[in-house]
Structure formats: C-alpha cells, structure tokens
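>>> any chance you could fold what I've pasted below:
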Amino acid sequence: MMSAQIFVERLDSLGSPGQVPMGKIFALAKEFLALPLAEVNKLLDSERHDVRVGALSIMDKQARSKKITEAERKDLFDLYLRRSDRINSWDLVDLGAVWVVGRYLVDKPRDVLYELARSKDTWERRTAIVSNLYLVRQGDVDDTFGVAELLLGDDQPLVQKAVGGLLREAGKKDRQKLLGFLDLHAGAMARVALSYAMEHLSSQERDFYRAQPRKS
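Sure thing, here's the model as predicted:
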C-alpha cells in the first residue's frame, strides 16, 4: 500500500536529502499518483523541502489526470488552500497553483484569487497570480489583469516577477487589454514586472512605457 513513509523512503534511496534532482522527484511522484490525499497531507507536514516538492508534484499530476472527478479536484483545491502555510517557496507555488487551483476555478467564481492577492503571506499572493496561468491558456485573461492591479504595490520581487510574467502571457492572448493596462498602470508598476510584461512588445512601445512618470 502506498504511504507517505514509503514515498520518503523511496526518495531517500535516490540520494541525500536536498541533493536529488528535481526530475527524479517528479518521476517518483508519477509512481505515487494514487497516493491518498491524507498521505499527501503528511508529506506537506515535512520540514524537508524536497519532500514537499514531491507532495506538490503528486497533487499537480493528480489534477492533470483525465480520470479525476470533480469531487477529487475540489479536494485537491481545498488541500492546497488549507495547507498554504506549507507551500512556502516560489517553486512549490508554481508546481501546484496552475493545475490544482487554476484548473479548479475554470468554471467557478474567482473571488478566492482576490482574497489571496490581499493576503499578508507572500506565497499566497504569488498563488493568486500564478493560478491564472491555466485560465490564460484558455483565453480567459480578465482575472489576470484584476489580480495584477491589486498587486501593483507589492514589495516582494518574486510576486512582481510572477505579475509581469502573467501579464506577458495574457498579452499574447489579448494585446489590447495589455496595452490598456500599461496605459493606466505602467508608471506604478515595479520595474521588474513592467519589464517582464513588455517582453513581446516593440522596442518603441517598451521605451514609451518605461518613460511614463513614476507613481507612488
């Protein structure tokens, strides 16, 4: 029977803690696709980052499964939010947010994204924007711009990089909405977010938005 303990034992057999390549952890997670969420929750309890990488990788793969039910998808979503205190680095957020959170919200209200964007926790705020990537890939960009607006003044570079990256991706789907957002907010955006958001614009457009008066 699969268990959190067996997963950790298998992980330890691959190398010293913290030294196992990510690709090997992801491959191991694939073998534990049927791990019950109660056992995934135990992995999230671990103080070891590599074990929690395994937990989020399992959750991501379960969310991607064509066999997943809506109830199971909700259980994954609920677990992610309930244990967000254990999802405390950019890579853990990026592993789980897109498919576990974003995919679940594809046909549901998005209020939770705005709640997360107002959180005092850096990684919950990153979750708020990164989760939109699934929606953007479906051509649904409105919440990316809505959440990005809430995060304009965020003081964390790893949040601002995600904001810029998601604006860039949303702009590929709807260029005019991106330009409209930049027209309003370029002067208030962190430089790193602005730079990422403008990556596929022309040099003239980039120069124009960089020259906008800075707003506090």
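
>>> what about the closest residue to residue 185 other than its chain neighbours, distance to residue 146?
Excluding its sequence neighbours, the residue lying closest to residue 185 (CB to CB, 6 or more residues apart in numbering) is residue 152, at 6.0 Å. Yep, even glycine has a C-beta here, placed from its N, CA and C like the rest. With distances taken as CB to CB, to the nearest Å, residue 152 is found 11 Å from residue 146.

>>> where along this protein do the helices fall?
Counting by DSSP state H, the chain has helices at residues 4-13, 22-31, 37-45, 49-64, 70-82, 90-96, 111-117, 122-130, 132-137, 142-150, 157-173, 175-185, 191-197, 203-210.

>>> follow-up on the earlier one: ok, the residue nearest to residue 185 - contacts?
Applying CB atoms under 8 Å, 6 or more residues apart in numbering to residue 152 gives the contacts 185, 188-190.

>>> hmm, 10 Å instead?
160, 163, 184-185, 188-190, 193, 215 (CB atoms under 10 Å, 6 or more residues apart in numbering).

>>> how does the protein divide into domains?
As given by automatic domain parsing, the domain ranges for the chain are 1-96, 109-216.

>>> report the mean per-residue pLDDT for the last one.
Translated: domain 109-216. For domain 109-216, mean pLDDT rounds to 97.

>>> ok, now the first one?
Taken as a whole, domain 1-96 has an average pLDDT of 97.

>>> just the endpoints, please. Distance across that domain?
One end of domain 1-96 to the other measures 25 Å (CA to CA, to the nearest Å).

>>> quick one on the thing from earlier: which of the helices of the chain is buried the deepest?
When the helices of the chain are scored by mean count of other CB atoms under 10 Å, the highest mean neighbour count falls to helix 122-130 (a mean of 26).

>>> for that one, packing partners?
Judged by 3 or more CB pairs under 10 Å, 6 or more residues apart in numbering; DSSP states H and E, the packing partners of helix 122-130 are helix 70-82, helix 90-96, helix 111-117, helix 142-150, helix 157-173.

>>> so can I have a markdown table of those showing distance to residue 136?
Below are those laid out as a markdown table (distance: least, CB to CB, whole Å):
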| stretch | distance to residue 136 |
| --- | --- |
| helix 70-82 | 18 |
| helix 90-96 | 14 |
| helix 111-117 | 12 |
| helix 142-150 | 6 |
| helix 157-173 | 5 |
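
>>> residue 26: which of those is closest?
For the helices and strands packed on helix 122-130, proximity to residue 26 was assessed by CB to CB; helix 90-96 is nearest, at 9.0 Å.

>>> off-centre distance for that closest one?
6 Å (CA atoms, centre = their mean, to the nearest Å).

>>> again, but for stretch 159-173
Computed by CA atoms, centre = their mean, the chain-centroid distance of stretch 159-173 equals 12 Å.

>>> do the same with stretch 118-138
On CA atoms, centre = their mean, the centre of stretch 118-138 falls 5 Å from the chain's centre.

>>> can I get that stretch as PDB, trimmed to CA atoms?
Written as PDB, here are the backbone C-alpha positions of stretch 118-138 (Å, rounded to 0.1, in the frame of the first residue of the first chain):
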ATOM      1  CA  ARG A 118      -4.800  40.600  -0.400                       C
ATOM      2  CA  SER A 119      -3.100  38.100   1.900                       C
ATOM      3  CA  LYS A 120      -0.200  39.100   4.100                       C
ATOM      4  CA  ASP A 121       1.600  35.900   3.000                       C
ATOM      5  CA  THR A 122       4.000  36.300   0.100                       C
ATOM      6  CA  TRP A 123       3.300  32.900  -1.300                       C
ATOM      7  CA  GLU A 124      -0.500  33.200  -1.100                       C
ATOM      8  CA  ARG A 125      -0.100  36.400  -3.200                       C
ATOM      9  CA  ARG A 126       2.100  34.600  -5.700                       C
ATOM     10  CA  THR A 127      -0.500  31.800  -5.800                       C
ATOM     11  CA  ALA A 128      -3.200  34.500  -6.600                       C
ATOM     12  CA  ILE A 129      -1.400  35.500  -9.800                       C
ATOM     13  CA  VAL A 130       0.300  32.200 -10.900                       C
ATOM     14  CA  SER A 131      -3.000  30.300 -10.700                       C
ATOM     15  CA  ASN A 132      -4.300  32.500 -13.600                       C
ATOM     16  CA  LEU A 133      -1.900  30.800 -16.000                       C
ATOM     17  CA  TYR A 134      -4.300  27.900 -16.600                       C
ATOM     18  CA  LEU A 135      -7.100  30.400 -17.200                       C
ATOM     19  CA  VAL A 136      -4.900  32.500 -19.600                       C
ATOM     20  CA  ARG A 137      -4.100  29.400 -21.600                       C
ATOM     21  CA  GLN A 138      -7.900  29.100 -22.200                       C
END
